[in-house]
Each structure stands twice: as structure tokens, then as C-alpha cells.
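Asker: sequence unavailable; structure follows:
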């Protein structure tokens, strides 16, 4: 295979080849550095205002057809971090793949939502923006440093109706109930590797992640109201962390609600009704499944 393939850990190449016999090389070739992507924070600015400011700054961009608030930047956007757009929370730097879970969860005004592993806050603040700031969101993060980052981003983005809790979501009080839950589960990151850059991925990390994912899934399903929805996602392309977790949830009594991918999304074969995004020059590898209690 190519040089880029040789930069990926051998055990991961073997796993990918076993799980995706005809797609493994395509996945590995997608482990590249991607352009900066961002979304307009509709709590503070419209997409058109952001587009005008990016143009004024001389930063070329593409719009994303399946999400009007998303932008893919061209060139080297070095000035962006010093811009008023960034400082005032009118934009949020976020990968395109990670914008998908909140879009599918589709929060509405008045709904009670839980983001089980919320830091650093990209999806939490997107949920707030998608609801027009009118959903009541509880955002959990157990790590102190990451929790501080979450609180900072919530403040900067103007997500005032988010209740941030420094807590392990797996240990939340059993009496709590939510209309919708986002479980963007801790994972191996097998969809986000960049060839030649350091990575902590290992077989042990994959196995530990899979155990934690099932623990969080079990808890999340118990906290859903009857008929409520849980969006499960990872930034992994490995079946042990994805399809196996869905099978666990189905065995626990959940129902799988089929998801339809937007046109143009690079896909990998997976369980019917779920979405597995193939890493490429624009997208991180990602997995999504919608479960209903």
C-alpha cells in the first residue's frame, strides 16, 4: 500500500482490513489534515453576517449544502482566532462530522435535553442554537479542566439555558428524565487520525472505550422519557464501538430509528439505519445511530 498506510499502526490496519475488506485503503487514505470548518452561532449572528465578515477579512470559504450555518474555509485562516467573529462567539470552530448529531437530534423549544459528555461544548452550544436558545439543556462533564472549558464556551456562545454539571453522566440521579439525549461517547478516535501525527489509539483503548460506551448507553436509555430519543455517536469507524453498542441498546429494549444521510456525505457500509462516515479530505470518520425508548 501507499506511504500514508505505512504511517498507521499495524494493528489498526489489520482491524480495518478485517471489518472493511474493500474499503480499508480508502479509510487510511482519508487520514489526512482537513481544512478548518466552522458554524455560525445563530444565537449571536446569522450565517449571512458571518459570510460577509469572512469575505471582508479576505478568507475564502465554501458553504455546506446540508447545513446553512456551516462553512469550510480555504487557505490558511490564521487571522480567524484574532477576529471579532471568534472573540465574540459568533462562530464556533467545529468539524463537519461533529455537526451532524445535533442536527439529527433536532432540539425544539421547551424540550428537556441531556448532553452526557459535553466538553468542550461544540455540540452543546449547537443544540442551544438549533433550539433558538429555548430548549433546557443539561450538559455533563466529569473532568475538571474540560468542565472549565465547557463553561467558557457556553458563556462565549451565549448558551444561557444550559445547566452545566461537573458530573459523571453514568452516575446521574435515577429520577431524572429527558425528552432527548445526546451521547457523543468517548471513543478510540479511529475516525480522526492524521497520518504521521501522534496518536494514543491502541487495542486497550478500543476495549476500554467499548465498555464505557455501553455503561453510558445503559444509563442514557434509563433517563429517557417513554418515546424519547437518544442519538449515539462516536468519532470511530470500528464496529466494536459502533454497531456493537447499538446491538447492546437494542437488546436492552431500545428501538432503532433509521437515519438518512445528507447527499454528498462519504459513507462506509454499516448496519441498516445507521450512518458511518468515511474519513476523507473534508470529513472525520464518524458514526451515528438514533435510538428510541
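Answerer: All right, it came through fine. The model shown is predicted, which means the values in this text are computed figures rather than measured ones.
Asker: the stretch 151-293 of the chain: strands as residue ranges?
Answerer: 162-165, 178-184, 224-234, 255-257, 275-277, 286-292 (DSSP state E, counting those that start in this stretch).
Asker: got it, and the stretch 1-150 of the chain?
Answerer: 37-40, 61-64, 67-73, 91-93, 112-115, 136-140.
Asker: distance to residue 199 for these - can I get that in a markdown table?
Answerer: (Each C-beta comes from the backbone N, C-alpha and C, glycine too.) Listed next are the strands of the stretch 1-150 of the chain as a markdown table, based on distance: least, Cβ to Cβ, whole Å:
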| stretch | distance to residue 199 |
| --- | --- |
| strand 37-40 | 21 |
| strand 61-64 | 27 |
| strand 67-73 | 24 |
| strand 91-93 | 21 |
| strand 112-115 | 26 |
| strand 136-140 | 26 |
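Asker: now do the residue nearest to the spatial centre of the chain against residue 37, distance only.
Answerer: Geometric centre of the chain, nearest residue: residue 98, 3.2 Å, by Cα atoms, centre = their mean. Using Cβ to Cβ, to the nearest Å, residue 98 is found at 9 Å from residue 37.
Asker: and for residue 43?
Answerer: 19 Å.
Asker: more neighbours, the two?
Answerer: Neighbour totals were compared for residue 43 and residue 37, and residue 37 leads with 22 against 18 (other Cβ atoms under 10 Å).
Asker: count of residues packed around residue 293?
Answerer: What residue 293 shows, counting by other Cβ under 10 Å, is a neighbour count of 19.
Asker: isn't it right up against residue 218?
Answerer: No: using Cβ atoms under 8 Å, residue 293 is not in contact with residue 218; the gap is 12.0 Å.
Asker: quick check: residue 42 touching residue 68?
Answerer: No: contact status for residue 42 versus residue 68: not in contact, 9.3 Å apart, counting by Cβ under 8 Å.
Asker: quick one: which of those two has more around it?
Answerer: Ranked by neighbour count (other Cβ under 10 Å), residue 42 and residue 68 place residue 42 first, with 18 against 14.
Asker: which residues sit in contact with the more buried one?
Answerer: 69, 129, 130, 132 (Cβ atoms under 8 Å, 6 or more residues apart in numbering).
Asker: any idea how far residue 128 is from it?
Answerer: Residue 42 is 9 Å from residue 128, where distance means Cβ to Cβ.
Asker: could you do residue 9 as well?
Answerer: The gap separating residue 9 from residue 128 is 37 Å, by Cβ to Cβ.
Asker: of these two, give the one with the bigger neighbour count.
Answerer: Set residue 9 next to residue 128 and count neighbours by other Cβ under 10 Å: residue 128 wins out with 30 against 14.
Asker: tell me the buried residues in stretch 28-45?
Answerer: Across stretch 28-45, burial judged by 16 or more other Cβ atoms under 10 Å covers 28-31, 34-45.
Asker: stretch 105-122 too?
Answerer: Under 16+ other Cβ under 10 Å, the buried positions of stretch 105-122 are 105, 107, 111-122.
Asker: now do the helices in this protein.
Answerer: In the chain, the segments counted as helices under DSSP state H are 3-6, 10-19, 24-29, 47-56, 84-87, 100-105, 122-130, 144-157, 203-223, 243-251.
Asker: now, of those helices, which is deepest in the fold?
Answerer: helix 122-130 (a mean of 25; mean count of other Cβ atoms under 10 Å).
Asker: helices or strands up against it?
Answerer: Where contact means 3 or more Cβ pairs under 8 Å, 6 or more residues apart in numbering; DSSP states H and E, helix 122-130 is packed against strand 91-93, helix 100-105, strand 112-115, strand 136-140, helix 144-157, strand 162-165, strand 178-184.
Asker: how is the protein carved up into domains?
Answerer: Using automatic domain parsing, the domain parsing of the chain gives 28-34+95-292, 36-94.
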